[in-house]
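1. All I have is the shape, not the residue letters:
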């Protein structure tokens with residue numbers, strides 16, 4: 001992806017004209033916007049005489065997409081931007097404010113990122129069952145390192161070393177409080193807790209922290225005005241998270257017990273948001289993302305390793321079925337719960353974590369939401385204005401005056417055909433135009 005010089009972009013005034021505009025909520029009447037520097041300076045209104053004109057006839061302009069659940073890397077952030085995903089929200093990793101300052105210094109052509117830092121989990125608890133044993137850097141990480149520049153390689157090695165230091169143990173209420181404080185000191189943007197006993201992940205019997213410890217962690221995080229997101233994959237753990245007072249569920253329960261209607265009511269009344277990660281549920285029950293991997297709009301932008309990952313799956317809970325997930329997400333949606341687009345993609349191509357890829361899976365997630373029963377516009381809201389609002393990112397997710405100029409120009413009309421989101425003509429990130 002070629003990038004327009006950042007300094008030039010700061011001075012440049014650009015008008016995107018004659019274009020259908022989805023503003024994060026709906027299609028609006030104005031047919032042009034004006035960008036100056038890093039911001040949208042007008043929607044409709046006069047076009048400055050010195051503006052560079054981009055004709056958007058038969059195209060649709062969208063706010064930059066937001067992936068509300070990832071585990072990322074410099075390479076992952078780069079791939080995200082290729083697909084118009086201008087913000088990734090990391091749910092367990094090292095891109096806190098401190099981590100961004102160390103690892104992303106002088107790195108451009110990547111999506112913006114926010115992070116929970118290190119999630120709160122029991123010793124040996126999730127996601128330990130997904131990680132390679134031992135201290136040596138796995139082969140799949142080494143392969144990824146070979147593709148990077150020297151600067152990026154050093155940053156990724158630093159991140160890997162930091163992530164694989166001995167993680168502070170959380171076994172008591174006091175340690176949970178200390179853990180929250182450490183994440184806040186590192187500049188975590190929100191806090192993540194794990195409630196995963198392992199059945200859905202093919203590892204039943206995983207240790208889980210006590211209700212008292214988890215509830216204390218949530219209460220402590222709220223003292224710092226931090227949102228708390230819970231990893232949950234079953235109805236039982238979802239209700240537990242609601243009882244602890246979390247702000248968001250980082251997954252959609254994959255089962256559908258008899259008390260599902262009561263759970264949906266409980267979630268709706270609590271005011272939490274849900275990031276269903278339908279792409280993950282699909283992978284967990286054994287479905288590879290074959291159609292996505294074979295789409296030329298995807299295939300041309302991803303490395304062979306990531307295409308291989310899309311062509312595989314987790315396959316840890318083959319007894320599940322997508323119909324339950326579709327019913328669950330629609331029940332929540334109809335109950336007024338904010339549904340956010342997220343993917344749970346890994347930072348690098350990991351052989352056993354298949355079916356997901358940075359950027360591309362956001363488009364797949366929107367397709368699955370529509371398959372479940374969302375309108376295309378509702379799916380687009382779940383990838384733009386809703387995650388921006390739920391995570392307090394008030395400068396993005398919308399096309400409005402003074403918002404960040406994070407934009408995607410699409411060939412076609414994704415408000416009627418959601419698959420058109422992959423037909424990307426151009427991406428603007430913070431006012432800088434990215435060319436395909």
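-> Ah, there it is. Model, not experiment: these values are computed from the prediction.

2. average pLDDT for the helix or strand containing residue 308?
-> Here residue 308 sits within helix 304-310, counting by DSSP states H and E. For helix 304-310, the mean per-residue pLDDT is 97.

3. What lies in contact with that helix?
-> For helix 304-310, the external contacting residues (Cβ atoms under 8 Å, 6 or more residues apart in numbering) are 79, 140, 143-144, 288-290, 292-293, 298-299, 302, 349-351, 353-358, 360. All C-beta spots, glycine's among them, are computed from the backbone N, C-alpha and C.

4. With stretch 282-292 instead?
-> By Cβ under 8 Å, 6+ apart, stretch 282-292 touches 200-201, 233, 254, 279, 298, 310-322, 325, 354-357, 360-361, 363-364, 368.

5. For the residue nearest to residue 353 when sequence neighbours are not counted, give me its contacts.
-> The shortest distance from residue 353 to any non-neighbouring residue, by Cβ to Cβ, 6 or more residues apart in numbering, is to residue 346 (4.6 Å). By Cβ under 8 Å, 6+ apart, residue 346 lies in contact with 71, 353, 356.

6. Please list the members of the residues you listed that lie in strands.
-> Among the contacts of residue 346, no residue falls in strands (DSSP state E).

7. quick check, nearest of these to residue 271?
-> Residue 271 lies nearest to residue 71 out of the contacts of residue 346, by Cβ to Cβ, at 26.3 Å.

8. Next one: that closest one from residue 195, what distance?
-> Separation of residue 71 from residue 195 (Cβ to Cβ, to the nearest Å): 18 Å.

9. now swap in residue 330 and tell me
-> Using Cβ to Cβ, we find residue 330 at a distance of 24 Å from residue 195.

10. what about the strands in the stretch 51-200 of the chain?
-> Taking DSSP state E, counting those that start in this stretch, the strands of the stretch 51-200 of the chain run over residues 52-55, 59-63, 65-70, 85-90, 112-115, 191-194.

11. returning to that earlier point: looking at residue 330 and residue 195, which is more packed in?
-> Remark: of residue 330 and residue 195, residue 195 carries more neighbours, 27 against 16, as counted by other Cβ atoms under 10 Å.

12. Could you pull up phi and psi at the more buried one?
-> When read as degrees, to the nearest 10, the backbone of residue 195 gives phi -130, psi 90.

13. How about the contacts made by it?
-> Going by Cβ under 8 Å, 6+ apart, residue 195 touches 208, 214, 230, 231, 232, 237, 240, 241.

14. what about the residue sitting furthest away from the middle of the chain, which SS state?
-> Residue farthest from the centre of the chain, counting by Cα atoms, centre = their mean, is residue 49 at 38.5 Å. Here residue 49 is coil, with the state taken from DSSP: H, G, I helix; E, B strand; the rest coil.

15. quick one: it and residue 34, what's the gap?
-> Residue 49 sits 12 Å away from residue 34, going by Cβ to Cβ.

16. Same check on residue 202?
-> When distance is defined by Cβ to Cβ, residue 202 is 52 Å away from residue 34.

17. neighbour-wise, which of the two wins?
-> Taking other Cβ under 10 Å, residue 202 and residue 34 do not tie; residue 34 has more neighbours (22 against 15).

18. re earlier: out of the contacts of helix 304-310, which end up buried?
-> Those of the contacts of helix 304-310 that meet the buried threshold are 79, 140, 144, 288-289, 292-293, 298, 302, 349-350, 353-358, 360, by 16 or more other Cβ atoms under 10 Å.
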